[in-house]
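[1] show me how the following folds:
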Amino acid sequence: MKILVAIKRVVDANVKVRVKGDGTGVDLTNAKMAINPFCEIAIEEAIRIKESGAADEVIAVSIGPQASQEQIRTALALGADRGILVVTDEQVEPLAVAKILKTIVDKEGIDLVILGKQSIDTDNNQVGQMLAALCNYPQGTFASKAEIKDGKIEVTREIDGGEQTVLLTLPAILTTDLRLNEPRYASLPNIMKAKKKPIDATTPAELGVDITSKLQTLSIAAPAERTAGIIVESVAELVNKLKTEAKVI
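    As a prediction, the model looks like this:
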């Protein structure tokens with residue numbers, strides 16, 4: 001069984017993001033970049049499935065600038081077997097990402113695709129569902145548990161008010177939630193081994209996918225700074241402030 005894991009290069013979750021002065025985007029100058037946290041969970045789950053003997057190969061794929069090789073190398077150090085980098089400096093929208101991944105799924109004969117449920121930069125939460133529709137594969141989104149069983153995968157999903165368990169026939173699409181696993185750290189020997197693992201490079205054009213943007217970003221602004229709280233002396237004063245100042249009642 002082949003597993004494809006999609007990973008995205010994003011600003012490290014511990015970095016405080018700054019907006020450019022002209023409001024045209026986020027200032028990435030000298031910003032530390034990392035693998036999207038949900039994608040780290042996807043990598044870990046794929047490696048665990050391989051370690052259990054249920055998979056033969058784990059392929060890590062990323063779509064982005066040449067620098068995204070760094071994140072693929074990290075995935076290889078964690079245990080992925082090889083990488084694919086789809087090189088583009090353009091902002092790729094979710095549908096275009098799904099189309100690119102479908103092309104790779106068809107080309108590689110993938111049995112299971114694992115993705116993070118969303119990225120922490122755009123929070124779209126769309127690629128997994130779109131890919132499932134394009135491939136006509138069953139999908140298990142927001143997975144908190146997954147287990148391979150006789151050519152199928154049993155997925156426990158996080159839903160409003162509880163959990164739902166579904167049994168999917170492979171090939172299938174899986175998107176990860178936070179409770180699925182705890183990602184491992186790469187050891188120094190594995191980091192050194194990852195340097196020798198292959199990364200194939202291609203482009204959206206070579207894959208026959210048009211990534212022309214259909215959206216236009218008008219402006220980006222930082223959220224307003226929160227003001228300091230105040231202490232009120234009575235319930236009556238609290239109600240009065242909610243009415244006259246906050247205007248929420």
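[2] the closest residue to residue 202 other than its chain neighbours and residue 153, how far apart?
    Leaving out its chain neighbours, the residue that sits closest to residue 202 by CB to CB, 6 or more residues apart in numbering is residue 86, at 5.7 Å. The way it works is simple: take the backbone N, C-alpha and C, and place the C-beta from them, glycine included. When CB to CB, to the nearest Å is applied, the distance between residue 86 and residue 153 equals 26 Å.
[3] low-confidence ranges, the protein, go.
    Across the chain, not a single residue meets the criterion (pLDDT under 70).
[4] would you map the strands across it?
    Residue ranges of the strands in the chain, as given by DSSP state E, are 2-7, 9-11, 18-19, 26-27, 33-35, 57-64, 82-87, 112-116, 139-149, 152-159, 162-169, 172-176, 199-202.
[5] so what sits opposite the residue nearest the centre of the chain in the bridge?
    The centre of the chain sits closest to residue 116, judged by CA atoms, centre = their mean, with a distance of 3.6 Å. With beta bridges defined as DSSP bridges, residue 116 has these partners: residue 176.
[6] let's have the strands of the chain in JSON lines, adding distance to residue 244.
    Putting the strands of the chain into JSON lines (distance: least, CB to CB, whole Å) gives the following:
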{"stretch": "strand 2-7", "distance to residue 244": "50"}
{"stretch": "strand 9-11", "distance to residue 244": "40"}
{"stretch": "strand 18-19", "distance to residue 244": "33"}
{"stretch": "strand 26-27", "distance to residue 244": "37"}
{"stretch": "strand 33-35", "distance to residue 244": "46"}
{"stretch": "strand 57-64", "distance to residue 244": "50"}
{"stretch": "strand 82-87", "distance to residue 244": "56"}
{"stretch": "strand 112-116", "distance to residue 244": "45"}
{"stretch": "strand 139-149", "distance to residue 244": "42"}
{"stretch": "strand 152-159", "distance to residue 244": "41"}
{"stretch": "strand 162-169", "distance to residue 244": "41"}
{"stretch": "strand 172-176", "distance to residue 244": "46"}
{"stretch": "strand 199-202", "distance to residue 244": "61"}
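[7] so which of those comes closest to residue 41?
    Ranking these by proximity to residue 41 (CB to CB) places strand 172-176 first, at 4.3 Å.
[8] measure residue 231 to residue 237 for me?
    10 Å.
[9] ugh, typo on my part, it should be residue 153
    Residue 153 sits 57 Å away from residue 237, going by CB to CB.
[10] cool, and residue 211?
    As defined by CB to CB, residue 211 lies at a distance of 56 Å from residue 237.
[11] over to residue 127?
    Residue 127 sits 49 Å away from residue 237, taking CB to CB as the criterion.
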